[in-house]
Structures are given as structure tokens and as C-alpha cells.
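In: Give me coordinates for this.
(chains A and B)
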Amino acid sequence: MLHKSINGADDRYNVVVIGSGLGGLTSANRLARSGHSVLLLEHHHQLGGLATWFKRKGHIFDVSLHGFPHGMVKTCRKYWNRDIMESIVQLKNIVFDNPQFSLTTTFDRQDFTSILVNRFKISQATINDFFNTVASMNFYDDQSMSTRELFEKFFPGRDDVHRLLMEPITYANGSTLDDPAITYGIVFSNFMNKGVFTFRGGTDHLIGMMAKELVDNGVNICKNSKVDRIVIEAGKVRGVLVGDRFIEADSVVSNSGILNTIYDLAGKEFFPVEFLDKVKTVRVNTSSCQVYIGIKKEESIADIGDLLFVSTAEKFSSDELLDMHTRSRTFSLYYPKTRPDHNRYTVVASMNGKFDDWNRLNTNEYESEKQDMIDRTLVDLERYIPDVRQKIDWLEAATPKTIHRYTLHTKGTSFGTKFEGLDISRSIFKAIPGLFHVGSVGIIMSGWLGAINYGVIVANDVDGYIRSI
Amino acid sequence: MTIDEIREVILEIIRDIDDEADLDNLNSGEALRDQLDLDSMDFLDIVMELRKRYQIQIPEEDYPQLATLDSCVNYLMPRLKAA
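Out: Okay, here's the model as predicted:
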């Protein structure tokens, strides 16, 4: 059942899932299908976590539906259902436009190879060697090589090639040239396989289908239900506290941020010192800014591509992308084909961002920086749609502070943690039996596909635990 | 369970994961991964399904022992004898 408050919850479950991001939703679904009683709690009035949308003046804005890898087809078929899988469609026009190069690609290995050979004059042998190297990278490999070193090894001094290879991944998961090469290899290989895909019907349609599937599988869902504490007794999970309601559970899966889970929900006093020492080294990843642009009902815009990576910065640098006044952004275009029964055009511009840059501003400065960001975005968009200004009837900006407000994540991170967070997330149940974490961690478990697959991996751990007690 | 029954259980689980898998021409001594379109997530599904059906816990360090159909059978035989 789907409830609007905690009043819909029973007193006892095998599993309580805190948070309904894609990882939490998937863990809940998997565990219910495996025969466990599951309660899913969400603090917000809408499910989805950062896989979210909002409505303004007849527009529906997708916050994080920008494109995911082909692997999502198989993942949705296996862990959700055929209807969800069949809503996946390809985005065929991915555009790069910056002072170093302008091109359109289908974003698959074949097309990228031909671009690298013909435009960038890289030898076929080097490209094959590079693709095979990144494809064979896995989690257990040496982590000492950085992505910067990987690029220098294969494409020395070619910062144009580095830009082509790195820019999309930075937007996808917040990683930089200084992160471990294996995180790049794993994510890039996923993406480069067969192109970029999206959900026809939009985020609201997807989350609606997922909620239905959860209810069909017997998951009890309570929205507007913020967990105050994970209750731990005698070193083990006992349940959760939601206001004055105690709900007993054999296990708790937190889809809250990993640091929120340890410091705020569980309480650090319950963890061994050696574990906490490792937690202290975890760096939360960066956050994002967005500008939402709604086109008037009677207007249309030309097809300028589905996903545009644009920049007026001469050279690529991770610092430039993260700068508050970055000249680099992506435009996600939502034509009527996105939502076939909703005949509107919207554009969402996304930039990387740092929480502290925005958090230190006073109210006036904050509003004025937001307005400046909107203005810079429109100047950029006009280069592709010259008359766009007169077609717009809604403009709004979000910052890392906005993301913090809706997700409650430490420093508003939109990409979880850096690599070291994965080990903490994977081993938390060894520190406190019955406590599990799912969510964006370690760069590789990030993005829509990473979050869903990680939900399956954690569900397997939870299932093993419950069946062993 | 007999060797043949265990083999059939594994094939049935793989069929549930991928209904288009070509199981008729499978070489049981060769890695499943190289012959079928199986990835690490699929192996996790096999582990979870075996736990659900027969309550056997397969620790992560034992996953490599599920590489081929023969090695699966060898690994599961003592664990499923009574099933």
C-alpha cells in the first residue's frame, strides 16, 4: 500500500528502507520479491530521491533524467518489469561544442572510434588499446593510477581528446581527472557500449511505474515519514524511530547519504573506532546547479540535439567545471517526444557546483548569483536557439543548497562520495549487524544505472543476513 | 539431489535470468560468462536465487567457483546433497 503518512505502517518488518532514491526503491523491490516484509519510508511527499521532477505553469521539469547507459535495459527487465524496460529509448544526437571542437555523436564505441580516427587523427591501434584497457578495468584492480595519468599514457599532450573523454563523465558522476582511473574505466565502458538512453514518459512516469510494482509486490510505502533515528541495541539493529513511532525491524537499509547514515541516523557512538577512522577519510562528492527553462505552450523550438556539452572555456579543466562561474554546462532538451501525451518543450541546463561556494552567501548575494547564473545560461542557449528568450515563460535555478534541502545529503552532494565511500557503504553491516547502506557512493555506484544495480547488490547482502539470523 | 538435478536447477535459474540464452550448446567445462551474455550482476542473481530456494549461503570469496557449469555442480553437490 502507498500511504501519505507514517500512520500506514505496521509495528514490525523484516526490512525498513529509509529513503526512496533509485537504490532504495530497487532494494525494497528486490527484497519484497524475495519474500521479506518491507516498509519503505520517504521524508518527502514524492518518491524518487534525486530521480525527481517538479511542475510549474504546465511544465514538467526532470531533474536528473539526462541520459543513462544501455545497461539500463537489462537491469530494468530483471529487477523491475517489462513495461519499464520498454519505456527506454535512445537519445541519438549528443552534441559537443567548445573552442577545441564541435561535433555530434551517437555516443557509442563505433562512432567514437571513427571520430577519434578522422577528427582527432589518433591511430586505430591506440584507440583499440585504450578501449580494451578501460573495458578490462574492474573494482579489484590497482587504484593508484589517476584518470589524468591514464589519458596521458594513451593520448599524451592531447587535452582536446582528454576533454572529449572526460567532460561527459564529469557531468555524469562528478569525477575529475584526479580520481582513480578504474572509476573512469568502469563508468566510461558502461556508457560507451551502445549509446545514451532515456525514459519515454519522463521521471514521473518511471517513478509511478516503480511505485505500482512495489505495491504489487507487497511493499508498504509511507511518504512524509522522516526517520529520526536508527535504533541500535546490543550492537545490532532493532528498528527505526519516526517521531514517536518505534518500528521494529530485523534490518535497516539506509538510502540516505552514507555520512548522514553514520553520524545523524545511527550515531557514531555505536561504531568501532577503527571503522570511524576510515569514515573520517571519506570525501563527499561535489554537487550541481541547474537552470530550468520552460517554453510557452504555443511555441516550439528546433531540434538542436538531445544532450549538449557546451563550453566557452578555451581548455578543459576539472576546476573550471566546478567553478561557481563556470563557462561549461550541459543542456538537456526535452521535446514533445519525451512525454508524448504532454506537448511541451523544456530545457534543463546542468552545471557542477560546490556547496560551500553557495552556502557562504547572504540572502541578497545568493539571489543575485542565481540570477547571474540564469543570465549566463541564456546567453549560451541563444547560440543554439537565437530567439529563445521571447519563447520562455518559466525560468528558475537550483543550487547545491536546493539539493541539500530536498535530499538532506551532507553538503548537498548530488554524486555521493569519492571512491573511498564505497568500502564504508559495503562494510557497514560488519560494524553494526543489520545495518546496510545503499546510494550513490564511490563514483562507480552513481548515476541511475549505478544506483539501481547497487540496490540489487545490497539487497543480496540483506537477504543473506535475514536468512542467517 | 543428483548431479543431473543440480545441473538442471542451474540451467533453470539462468533461463529465468535470460530467456534467450542458448543453453543447448553449452560446454560445461568452459566459463559460463564467455559462452552466455552473463555479467557479474547475473551471478549475483544466481547466488540470491539459490539462497532463496535452498537456504545456502555462498560467500563472496566463493563466487569464482561458480564460473563453469561443472564447477557450479561440484561446488553445490555437497551443499545440496540433502535437498
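
In: Chain A against chain B: which residues are in contact?
Out: Proximity of chain A to chain B is confined to A:34-35, A:75, A:78, A:453, A:456-457, A:459-460, A:463-464, A:467-468 under the rule C-beta under 8 Å from any C-beta of the partner chain. From N, CA and C alone the C-beta is placed, and that goes for glycine too.

In: Any quick PyMOL command for the buried ones out of these?
Out: The following PyMOL line selects those of the residues of chain A next to chain B that are buried, judged by 16 or more other C-beta atoms under 10 Å in any protein chain shown:
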select buried, chain A and resi 34+75+78+453+456+457+459+460+463+464+467
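
In: Now for the residues of chain A next to chain B: which two are most distant?
Out: Distances among the residues of chain A next to chain B were taken as C-beta to C-beta; the most separated pair is A:Thr75 and A:Ser468, at 26.7 Å.

In: quick one, what contacts the spatially most central residue of chain B?
Out: Of all residues in chain B, the one closest to the mean position by C-alpha atoms, centre = their mean is B:Ile10, 4.2 Å from it. Residues touching B:Ile10, when contacts are defined by C-beta atoms under 8 Å, 6 or more residues apart in numbering or on different chains, comprise B:46, B:69, B:72-73, B:76.

In: Let's see that with 6 Å instead.
Out: B:Ile10 is in contact with B:Cys72, counting by C-beta atoms under 6 Å, 6 or more residues apart in numbering or on different chains.

In: where's it, which helix or strand?
Out: Using DSSP states H and E, the element containing B:Ile10 is helix B:3-17.

In: which secondary structure elements does the next helix or strand along the chain from that helix contact?
Out: Sequence-wise, the next helix or strand downstream of helix B:3-17 (DSSP H and E) is helix B:32-35. For helix B:32-35, not one helix or strand is in contact under the criterion 3 or more C-beta pairs under 6 Å, 6 or more residues apart in numbering or on different chains; DSSP states H and E.

In: how far does helix B:32-35 sit from the chain's center?
Out: A distance of 12 Å separates the C-alpha centroid of helix B:32-35 from that of its chain, computed with C-alpha atoms, centre = their mean, to the nearest Å.

In: going on from that helix, what's the next piece of helix or strand?
Out: Stepping forward along the backbone from helix B:32-35, the first helix or strand reached (DSSP H and E) is helix B:40-54.

In: Determine the set of other helices and strands touching that next one.
Out: When contacts are defined as 3+ C-beta pairs under 6 Å, 6+ apart, helix B:40-54 sits against helix A:447-468, helix B:3-17.

In: Go through these and pick out the most buried.
Out: helix A:447-468 (a mean of 23; mean count of other C-beta atoms under 10 Å in any protein chain shown).

In: quick one: that one to helix B:40-54, angle?
Out: 20 degrees (axes from the mean of the first three to the mean of the last three C-alpha atoms, to 10 degrees).

In: got the CA coordinates for helix A:447-468 in PDB?
Out: Taking only C-alpha atoms (Å, rounded to 0.1, in the frame of the first residue of the first chain), the coordinates of helix A:447-468 have been written out as PDB:
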ATOM      1  CA  GLY A 447      24.000   7.700 -11.700                       C
ATOM      2  CA  TRP A 448      20.700   5.900 -12.500                       C
ATOM      3  CA  LEU A 449      22.200   2.600 -13.600                       C
ATOM      4  CA  GLY A 450      24.800   2.500 -10.800                       C
ATOM      5  CA  ALA A 451      22.100   3.300  -8.200                       C
ATOM      6  CA  ILE A 452      19.800   0.600  -9.300                       C
ATOM      7  CA  ASN A 453      22.500  -2.100  -9.700                       C
ATOM      8  CA  TYR A 454      23.800  -1.100  -6.300                       C
ATOM      9  CA  GLY A 455      20.300  -1.600  -4.900                       C
ATOM     10  CA  VAL A 456      20.400  -5.200  -6.100                       C
ATOM     11  CA  ILE A 457      23.900  -5.800  -4.700                       C
ATOM     12  CA  VAL A 458      22.900  -4.500  -1.200                       C
ATOM     13  CA  ALA A 459      19.600  -6.400  -1.400                       C
ATOM     14  CA  ASN A 460      21.600  -9.600  -1.800                       C
ATOM     15  CA  ASP A 461      23.600  -8.700   1.400                       C
ATOM     16  CA  VAL A 462      20.400  -8.000   3.300                       C
ATOM     17  CA  ASP A 463      18.700 -11.200   2.100                       C
ATOM     18  CA  GLY A 464      21.800 -13.200   3.200                       C
ATOM     19  CA  TYR A 465      21.700 -11.500   6.600                       C
ATOM     20  CA  ILE A 466      18.000 -12.000   7.300                       C
ATOM     21  CA  ARG A 467      18.100 -15.700   6.200                       C
ATOM     22  CA  SER A 468      21.100 -16.300   8.600                       C
END
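
In: what does the average pLDDT come to for that helix?
Out: pLDDT averaged over helix A:447-468 equals 96, rounded to a whole number.

In: So which elements touch it?
Out: Other elements packing on helix A:447-468 under the criterion 3+ C-beta pairs under 6 Å, 6+ apart are helix A:22-33, strand A:68-69, helix A:71-79, strand A:245-254, helix B:40-54.

In: please redo it, this time with the cut-off set to 7 Å
Out: Contact partners of helix A:447-468 among helices and strands, from 3 or more C-beta pairs under 7 Å, 6 or more residues apart in numbering or on different chains; DSSP states H and E: helix A:22-33, strand A:68-69, helix A:71-79, strand A:245-254, strand A:435-437, helix B:40-54.

In: quick check, distance from that helix to the centre of its chain.
Out: 17 Å.

In: likewise stretch A:180-199?
Out: So, by C-alpha atoms, centre = their mean, the centroid of stretch A:180-199 is 13 Å from its chain's centroid.

In: which regions of the stretch 251-400 of chain A sit below the pLDDT cut-off?
Out: Low-confidence segments of the stretch 251-400 of chain A (pLDDT under 70): none present.

In: end-to-end on stretch A:59-75?
Out: Taking C-alpha to C-alpha, to the nearest Å as the measure, stretch A:59-75 stretches 29 Å from start to finish.

In: how much space between A:Lys268 and A:Phe429?
Out: Plainly put, A:Lys268 is 16 Å away from A:Phe429 if you go by C-beta to C-beta, to the nearest Å.

In: Near the residue lying closest to A:Leu381 once chain neighbours are set aside, how many other residues are there?
Out: If the residues on either side of it in the chain are set aside, A:Leu381 comes closest to A:Val388, at 5.5 Å by C-beta to C-beta, 6 or more residues apart in numbering or on different chains. Applying the criterion other C-beta atoms under 10 Å in any protein chain shown, we find 18 residues in the vicinity of A:Val388.

In: and the gap between A:Val388 and A:Val16?
Out: Following C-beta to C-beta, the distance that separates A:Val388 from A:Val16 is 47 Å.
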